[in-house]
Every structure is written in structure tokens, then in C-alpha cells.
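K.L.:
Let me see the structure of the following:
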Amino acid sequence: MIVEEIMKAEVTTLSKDDSIADAIKLMGAKKIRHLPIIDEGKRLVGLVTDRDIRDATPSIFETEDFKNGLQNPLKMLMKTEIITGHPLDFVEEVSAILYEHRIGCLPILKDEKLVGIVTETDLLRTLVELTGAHQPGSQVEVKVPNRAGMLCEVATVISNRKANIQSVLVYPDKSDENYKILVLRVQTMNPLNLIDDLMNAGHQVLWPNHPGKSS
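P.N.:
Predicted coordinates for the structure are as follows:
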């Protein structure tokens, strides 16, 4: 999946000469936490977050300073060294960037112009959709040897049971590099017969645990 499929294309923006008060009002109205700052040519020149505003705004108990501070232009507090992405970047690459740099959003540029934005919320929503966690079904975790063909073997057992696989995640077994864990979202509310089939085929089911049996 590429960024273009999940990014917000209608981006709320301001200019560097707009005031902090403008940003507070706009972010409150739009319920957003990240505000790209662009020039007349839609080129990205800065980024303001709700945290930037909190850090730069005087205490409300200092009434006059507070009022004056809100009239300062955004260019006084916006970040100008910004990590950006491209619409054709892969979603997993963008997720890694946000994780590694501990940032909450990634402005998306094409031909040096702002065309979208991806936030942590967008990535979480995408994860839910990809895993099928918002759909009725059951999660099954199977520990398999780390060798070619294991996913096919497990999928064949599920197919023989006429169960539909909604999503598959694969991650290494942290305790043994010779194994990996398959996490499958299966379109059935009662996976007990499927678990029996998997275990009878010699697979180690980690979840759910079948009552009265060990995996």
C-alpha cells in the first residue's frame, strides 16, 4: 500500500504571517494537531503543532502578555527542518519514519508542493483496516518453523475448513529465530474446529488455547 491511498489530500494550512491566534482557532475548529505552513506557491515552508503553540504561548494569568503573544506570526515558532514524504512512498516506510523520529505527522510533497499529510491516526486506522480488527471474526496465532511454504500449509488447512482469511501478519519469534508467528484474522466466530484441524496437521497453535488440549 502506498501513501497516496491513505493520506489526507485536503490539508488545512496557514501562511507564516498568520498569527498564533489564527492557528489556535483553526486547529480547534478542524480538530487537528498539525498545521503545515505554505507559501503562495503551495510550497511547504514550515510546520506548527499544538505542542509548539503551548510551548510558545505565555501563561493565561499574564493577561496582557497572553493577548500580545497570540498576535505573533507563526514564522516565530514554526519548525522549518521538516521530514517529508512522497505519495508513492510505501505506508510501512512512512510508519518507520514516524516511529524512528518520534514525530506525529508527515507532510507529503510532490514536485515540491504540498499535496497531502499523513498522521499517526491515519496509520492506526490503516492498521485496523489491514488487520480486519474492526470486522467480526477470530484471531488465530500459529507458531511455525521459519522456512518457505509454512504460510501456504496453514492457509490450506483453513481453506479446507471453508473459512475466509481476512488478514495475515507475520513476525519473528523473539525467543527462537528458527520460528515465526503467523497471526491470522479468520472470518468465523467459533474457531475451535479450525484449531483442531491445525493441531491435527501438526501445527502449534498459540492462540486461542483449545480447552482441554495443549498446543
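
K.L.:
element containing Asp122?
P.N.:
Here Asp122 sits within helix 120-131, counting by DSSP states H and E.

K.L.:
Just the CA trace of that helix, in CSV.
P.N.:
Output of helix 120-131 as CSV, limited to C-alpha atoms (Å, rounded to 0.1, in the frame of the first residue of the first chain):
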residue,chain,number,x,y,z
GLU,A,120,-0.4,8.8,13.5
THR,A,121,-4.2,8.5,13.4
ASP,A,122,-4.2,7.7,9.7
LEU,A,123,-1.6,5.0,10.2
LEU,A,124,-3.6,3.5,13.2
ARG,A,125,-6.8,3.5,11.1
THR,A,126,-4.9,1.8,8.3
LEU,A,127,-3.6,-0.9,10.6
VAL,A,128,-7.1,-1.6,11.9
GLU,A,129,-8.3,-1.9,8.3
LEU,A,130,-5.5,-4.1,7.1
THR,A,131,-5.8,-6.5,10.1
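
K.L.:
Report the rounded mean pLDDT for that helix.
P.N.:
For helix 120-131, mean pLDDT is 89.

K.L.:
Which neighbouring elements make contact with that helix?
P.N.:
The contact analysis (3 or more CB pairs under 8 Å, 6 or more residues apart in numbering; DSSP states H and E) places helix 120-131 against helix 91-101, strand 165-172. Quick note: C-beta positions are derived from backbone N, CA and C, even for glycine.

K.L.:
Direction included, what does whichever helix or strand comes after it pair up with?
P.N.:
Downstream of helix 120-131, the first helix or strand assigned by DSSP H and E is strand 138-145. Strand pairing for strand 138-145, using DSSP bridges, gives strand 179-186 (antiparallel), strand 204-207 (antiparallel).

K.L.:
Could you identify which of those is most buried?
P.N.:
Each of the strands paired with strand 138-145 was assessed for mean neighbour count using mean count of other CB atoms under 10 Å. The highest is strand 179-186, with a mean of 19.

K.L.:
Now whichever helix or strand comes after that strand: average pLDDT?
P.N.:
Scanning forward in sequence from strand 179-186 by DSSP H and E, the next helix or strand is helix 192-200. Taken as a whole, helix 192-200 has a mean pLDDT of 95.

K.L.:
Next: stretch 154-169.
P.N.:
94.

K.L.:
if we can go back for a sec, got the helices and strands packed on helix 120-131 as a markdown table, with mean neighbour count and distance to Pro208 columns?
P.N.:
Shown next, in a markdown table, are the helices and strands packed on helix 120-131 (neighbours: other CB atoms under 10 Å; distance: least, CB to CB, whole Å):
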| stretch | mean neighbour count | distance to Pro208 |
| --- | --- | --- |
| helix 91-101 | 14 | 28 |
| strand 165-172 | 14 | 16 |
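
K.L.:
Show which residues not belonging to stretch 149-168 make contact with it.
P.N.:
Identification of contacts with stretch 149-168 by CB atoms under 8 Å, 6 or more residues apart in numbering yields 130-132, 135, 137, 142, 144, 170, 180, 182-188, 191, 193-194, 197-198, 201, 203.

K.L.:
ok, back up a step: let me have the strands paired with strand 138-145 in JSON lines, extended by distance to Met7.
P.N.:
Compiled in JSON lines, the strands paired with strand 138-145 are given as follows (distance: least, CB to CB, whole Å):
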{"stretch": "strand 179-186", "distance to Met7": "25"}
{"stretch": "strand 204-207", "distance to Met7": "34"}
